[in-house]
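next input, structure requested:
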Amino acid sequence: MQSQDVAQEHAPASSLAAGRVVDVEQAEAALVEHYPRLVRLAYLVLPPGPGRGRRVLTAHALTQRALPRGRKSSSVIPAQSTGRDGDPGYAFVRLQVVRTALEAGSPQWRRVWPTRAQLPPLLPQVWGLRLFPRSGGADELALDQQLATLSGPARAAYVLRGLEKLPDADVHALLTAAGVPDPDAALREADDIPARHALLTSPEFDPCSLQARPTDLMRRRQQSKAALAAAAALAVCGALVLLPGGGWGPDGAAAPAYARNPAAEAALDPGRLVRVSPAAWRTAARTDFSVWPARGSLTKDTALLRRALAVWARPGGTVQLSATPGTQTGGPAGPPQLLYAGEVDGARVVLLYDGLRIARYAEPKDGTAGAALDFARVDGARKAEAGALVLSRSDENVRYLTAPWVQKAAERDLMKPGAGAMDLNVADGVTSPLASPALRSGACTSWNVLQLTDASGTHLVTDLGELVPARLTSGRPGKSGEASGAQALRTWAPFACSLAAQRSAGVRSVNAWSFADQPLPDASGTGTWVCTRAETWRGDGTLVLAQFQTPRARYGAVAAKGTDVTACGPRDPHVLAGVLWKSGAGAWYLLTAGSWDTASIRATGGVTATTEGNLLAVPAKRGARVELKGTLRDGTTVNGLH
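The predicted structure is shown next:
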């Protein structure tokens, strides 16, 4: 008997007989234990057409109807030999959920009576509220859009692979049992979507963690609105919790879903917003966003501030949501700090700070349709990095809100180091508009940056399409300084346009380091090697570019790059790069340069050569592929950037 059980456990799903039975108690236990997972499965298999709210309620209804009818035992054809964690009851309930979800998503014909799964669910029902999962990021949105293009069986195949971790043989068996006529075609169609299965566990696809928003709020009377909303909330909670066997089970020390949370309520109270004194920065131990005062003409507009806080905590489906990479978009843990509230370029704008993030809420002056919510990570910001925030962008221009310690603001073209800076008007910390390179289209002929002057000196920051402009520095890694000096401006000028590669990447600062000057063959003058390194707020995602400029070229050319490498940074202040270059005489050369302490360079592959020192120039063929290795004076080996 024991050997027979083991053989059955390892048999393929398609070979299992349908004679195994599951009684109601087994199915109830499986449904209660795995309810959130089963509802997520139903939600993902259902088509997105009817809307997220209808999809949530349908997913709960289909899952709650997955139990066997009556009190008899029911046969099961499980998709896995033992179901989830050895539970045939789970396999049965999962099969029922997939079958009814596919039926609910199938088209309805005019003269054919709809099945029960195709009818609107009787329970649960919600009046006066729209329920939908929390909004995810761009990756989740893209995946949801891609899943919407699949047929129901293909969508089920993708979800069973990713969420349930089933092999294709088990997916085929489950789809067959669910009544899919051609499971092989469904599996092939599911192959067209990239396998980003980890995203399926995102809150974007969790119909058990919901947000509630009103429906016909403007048409309901003021006093009846609260009563209807409360009744609807109680009704849906009761419908989702009163499941066979006692609901979802205990959650340990967690409070019930309907319990009041004083900290969360305080975070949404405009009256508890932190407001800093205008002179706090003068005596504060830290000089960062935490000492910015509240500025703007609408700092006392309680209704605007309440809307901004509510959207931060529960952004609706129509809110345009964006966040820099690595930035969480959840609500604040407590009352945030108010930095600005006012009207800018035809919009009402609110800037908030919670100690880790900047949140920018914007809405049109004539309503709330088209509201936007943007996040940026700023933990660990220092004085030079907390000098300005982007307040608005319009007509290819950008306005900044400057720090209270900023004495003067000016606009400078980074590509024209000798042209000087043009002063900007600053009123209540808000600058007059200046051209934004992040909004410009077409050829890169200029790169305007913001120049800020305070008691400690002059700093340059640039708009890279995010809330926090990136700080520009120049010099050897570990010893770099501000990019506002004459030599630093000359270093940056030919390579300013390369900053476009850092747009919307969560960049904190970018340093330019001129690490070598190289005499060119055929008496062509001297070329300049510069390494630019972009550091991010999250720590990873750094981008290093080794760039080369010849005497006659206005712009530098990217010779090599590296992502998430330590080269050209404080931890590893070394770099080695090469480029194939054609001289004015028509000859091709391999030009290679290392940082100042490079003792030797060796090239292999399409070109074989060795040299002492940090410069190498040898004849080469066009298109040659070369591997570079360098040796530092202390014997350390350095690989060339690719």
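
show me where the stretch 301-450 of the chain has strands.
320-323, 337-344, 347-353, 357-364, 372-377, 388-394, 397-402, 408-413, 422-423, 426-427, 430-431, 434-435, 448-454 (DSSP state E, counting those that start in this stretch).

how about those in JSON lines, adding distance to Gln547 and mean pLDDT?
Just so you know, the C-beta spots here come from the backbone N, C-alpha and C atoms, and that holds for glycine as well. Compiled in JSON lines, the strands of the stretch 301-450 of the chain are given as follows (distance: least, C-beta to C-beta, whole Å; pLDDT from 0 to 100):
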{"stretch": "strand 320-323", "distance to Gln547": "30", "mean pLDDT": "92"}
{"stretch": "strand 337-344", "distance to Gln547": "36", "mean pLDDT": "97"}
{"stretch": "strand 347-353", "distance to Gln547": "35", "mean pLDDT": "96"}
{"stretch": "strand 357-364", "distance to Gln547": "31", "mean pLDDT": "95"}
{"stretch": "strand 372-377", "distance to Gln547": "27", "mean pLDDT": "95"}
{"stretch": "strand 388-394", "distance to Gln547": "27", "mean pLDDT": "95"}
{"stretch": "strand 397-402", "distance to Gln547": "26", "mean pLDDT": "96"}
{"stretch": "strand 408-413", "distance to Gln547": "19", "mean pLDDT": "97"}
{"stretch": "strand 422-423", "distance to Gln547": "27", "mean pLDDT": "96"}
{"stretch": "strand 426-427", "distance to Gln547": "34", "mean pLDDT": "96"}
{"stretch": "strand 430-431", "distance to Gln547": "30", "mean pLDDT": "97"}
{"stretch": "strand 434-435", "distance to Gln547": "24", "mean pLDDT": "94"}
{"stretch": "strand 448-454", "distance to Gln547": "18", "mean pLDDT": "97"}
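
could these go into TSV alongside mean neighbour count and distance to Ser474?
What follows is the strands of the stretch 301-450 of the chain, written out as TSV (neighbours: other C-beta atoms under 10 Å; distance: least, C-beta to C-beta, whole Å):
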stretch	mean neighbour count	distance to Ser474
strand 320-323	17	30
strand 337-344	22	29
strand 347-353	24	29
strand 357-364	22	26
strand 372-377	20	24
strand 388-394	21	19
strand 397-402	22	22
strand 408-413	19	14
strand 422-423	12	21
strand 426-427	12	26
strand 430-431	22	24
strand 434-435	18	21
strand 448-454	23	13
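
would you list these in a markdown table and tack on distance to Arg307?
Formatted as a markdown table, the strands of the stretch 301-450 of the chain follow (distance: least, C-beta to C-beta, whole Å):
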| stretch | distance to Arg307 |
| --- | --- |
| strand 320-323 | 15 |
| strand 337-344 | 11 |
| strand 347-353 | 8 |
| strand 357-364 | 7 |
| strand 372-377 | 11 |
| strand 388-394 | 18 |
| strand 397-402 | 20 |
| strand 408-413 | 30 |
| strand 422-423 | 36 |
| strand 426-427 | 25 |
| strand 430-431 | 21 |
| strand 434-435 | 29 |
| strand 448-454 | 29 |
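
ok, which of these comes nearest Ala61?
Within those, the stretch nearest Ala61 is strand 320-323; the backing value is 28.7 Å (C-beta to C-beta).

given that closest one, what are its sheet partners and their directions?
According to DSSP bridges, strand 320-323 forms sheet pairs with strand 372-377 (parallel).

tell me what angle the partner strand forms with strand 347-353.
30 degrees (axes from the mean of the first three to the mean of the last three C-alpha atoms, to 10 degrees).

what's in contact with strand 372-377?
311-312, 315, 319-324, 326-329, 356-363, 466-468, 506, 537-538 (C-beta atoms under 8 Å, 6 or more residues apart in numbering).

mind doing that once more with 6 Å?
Here strand 372-377 makes contact (C-beta atoms under 6 Å, 6 or more residues apart in numbering) with 311, 315, 319-324, 327, 329, 357-362, 466-468, 537.

now do stretch 280-292: everything it contacts.
Counting by C-beta under 6 Å, 6+ apart, Val276, Leu339, Tyr353, Ala381, Lys383, Ala386, Pro404, Trp405 sit against stretch 280-292.

possible to save those as CSV with distance to Lys561?
Below are those laid out as CSV (distance: C-beta to C-beta, whole Å):
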residue, distance to Lys561
Val276, 41
Leu339, 36
Tyr353, 34
Ala381, 27
Lys383, 31
Ala386, 29
Pro404, 38
Trp405, 36
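
most neighbours among those residues, which one is it?
Leu339 (26 neighbours; other C-beta atoms under 10 Å).

and for Ala435, nearest residue in space, chain neighbours not counted?
What sits nearest to Ala435 in space, not counting adjacent residues and going by C-beta to C-beta, 6 or more residues apart in numbering, is Asn448, at 4.5 Å.

tell me the spacing between the one you found and Arg503.
With the distance defined as C-beta to C-beta, to the nearest Å, Asn448 ends up 15 Å from Arg503.

next one: Glu103
In this view, Glu103 and Arg503 are 46 Å apart by C-beta to C-beta.

those two: which has the busier surroundings?
Higher neighbour count among Glu103 and Arg503: Glu103, with 17 against 14, using other C-beta under 10 Å.

what about the more buried one, helix or strand, and which?
helix 88-105 (DSSP states H and E).
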